[in-house]
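In: here you go, sequence then predicted model.
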Amino acid sequence: MSQQDEDVIKRWGTSAPYWEKHRDVIREMFAPITQALLQDAELASGNTILDVATGPGEPALGIAAAVGPAGKVYGIDVVPGMVTAAQREAERVGVKNAVFEVAGADKLPFPADTFDAAVCRFGVMFFPSPVNGIREMLRVLKPEKKMVLAVWHFADNNPFHYELARVVDRYVEPTPLPPDAPDAFRFATRGKLVGILAEAGATDPRERLLKFSITVPGSVEDFWTLRCDMSDKFREKLQSLSAKERHQLRTEAIEAFQSYATEHGLSFPAEVLIVTGRKGASHA
Ligand SMILES: C[S@@+](CC[C@H](N)C(=O)[O-])C[C@H]1O[C@@H](n2cnc3c(N)ncnc32)[C@H](O)[C@@H]1O
């Protein structure tokens with residue numbers, strides 16, 4: 001296993017219990033993205049679908065319902081804690097047609113020409129080599145079938161991210177990331193991931209901008225807990241502060257969140273790129 005894989009496992013391994021704890025809220029918040037993935041993947045009942053970097057099981061579990069009992073979904077993630085969380089949820093809700101396995105995106109444990117579609121929600125930006133991950137997805141897709149990937153558009157267009165980040169930056173000096181570092185916004189620039197799909201050999205790579213609302217149930221205080229829990233970076237930065245600073249930071253963040261409060265929770269305008277490509281009819 002490469003050093004980069006080990007770093008990802010460490011980073012996301014610490015987040016797995018939190019992503020499991022907030023699973024229902026995360027599912028609801030990102031439901032419009034799941035819908036976009038389902039739509040663009042051209043799924044049909046009875047299909048066999050791959051979800052790469054499934055985390056605690058989404059969108060795999062949503063897709064399992066869409067393909068019906070004659071269909072099947074395989075969800076893979078490099079972090080064992082994420083995979084056991086996904087398996088627990090499948091068991092809990094009685095989903096029989098979803099299988100979860102530990103695997104890295106650049107070494108998928110499936111034969112060539114297996115899947116009717118492959119999806120990946122917020123995963124490709126963390127791959128050690130995105131082009132190798134895309135090549136693997138192309139290998140396991142059946143000829144002429146599609147992959148659909150969701151990545152964040154710019155942080156500045158996504159208050160779900162920037163409202164907390166800007167407050168945290170006032171307390172902990174942000175360290176600039178090396179270019180192309182694994183990060184949520186690695187593919188925020190239009191055309192960047194499309195170029196990687198082209199480099200990997202995908203046919204007809206393209207993207208569309210999905211504008212939607214992230215709807216979060218609960219109070220602004222609940223949202224504070226959710227946002228801090230979801231991100232290993234925020235958790236680490238908060239740990240580096242004194243109790244007094246943490247308290248102050250929390251007060252400022254909660255105040256910033258207030259402007260998104262609605263009758264039913266919070267609502268953030270959001271922007272995500274949906275990137276698609278096909279395997280050719282005679283892919284090498
Ligand atoms: C932001 S979470 C997304 C989880 C889920 N797809 C969702 O949208 O709720 C990113 C996931 O990517 C996984 N991941 C990162 N690098 C990976 C790799 N090289 N291969 C497989 N999974 C990876 C992490 O373990 C984590 O579960």
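Out: Okay, I see it.

In: next SSE after the helix or strand of the chain with the lowest mean pLDDT?
Out: Taking mean pLDDT, DSSP states H and E as the measure, helix 3-21 is the helix or strand of the chain with the lowest mean score, a mean of 89. The helix or strand immediately downstream of helix 3-21 is helix 23-29, counting by DSSP states H and E.

In: the least confident helix or strand of the chain near the ligand at all?
Out: Yes: Helix 3-21 reaches the ligand (Cβ under 6 Å from any ligand atom) through Val8, Trp12. All C-beta atoms are positioned from the backbone trio N, CA, C, and that covers glycine.

In: elements contacting that helix?
Out: Secondary-structure packing of helix 3-21 (3 or more Cβ pairs under 8 Å, 6 or more residues apart in numbering; DSSP states H and E): helix 80-93, helix 220-230, helix 232-239.

In: restricting to C-alpha, output the shortest one in PDB.
Out: In PDB, the C-alpha atoms belonging to helix 232-239 read as follows (Å, rounded to 0.1, in the frame of the first residue of the first chain):
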ATOM      1  CA  ASP A 232     -11.000  15.900  10.000                       C
ATOM      2  CA  LYS A 233      -9.300  19.300   9.200                       C
ATOM      3  CA  PHE A 234     -11.800  21.300  11.300                       C
ATOM      4  CA  ARG A 235     -11.600  18.800  14.100                       C
ATOM      5  CA  GLU A 236      -7.800  19.000  14.100                       C
ATOM      6  CA  LYS A 237      -7.800  22.800  14.000                       C
ATOM      7  CA  LEU A 238     -10.300  23.100  16.900                       C
ATOM      8  CA  GLN A 239      -8.200  20.800  19.000                       C
END
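
In: list of residues touching it?
Out: 11-12, 14-15, 164, 168, 171-172, 227-229, 246, 249 (Cβ atoms under 8 Å, 6 or more residues apart in numbering).

In: any low-confidence regions in the chain?
Out: Confidence mapping of the chain against pLDDT under 70 gives the ranges 1, 283-284.

In: at 90 instead, please
Out: 1-10, 175, 177-179, 282-284 (pLDDT under 90).
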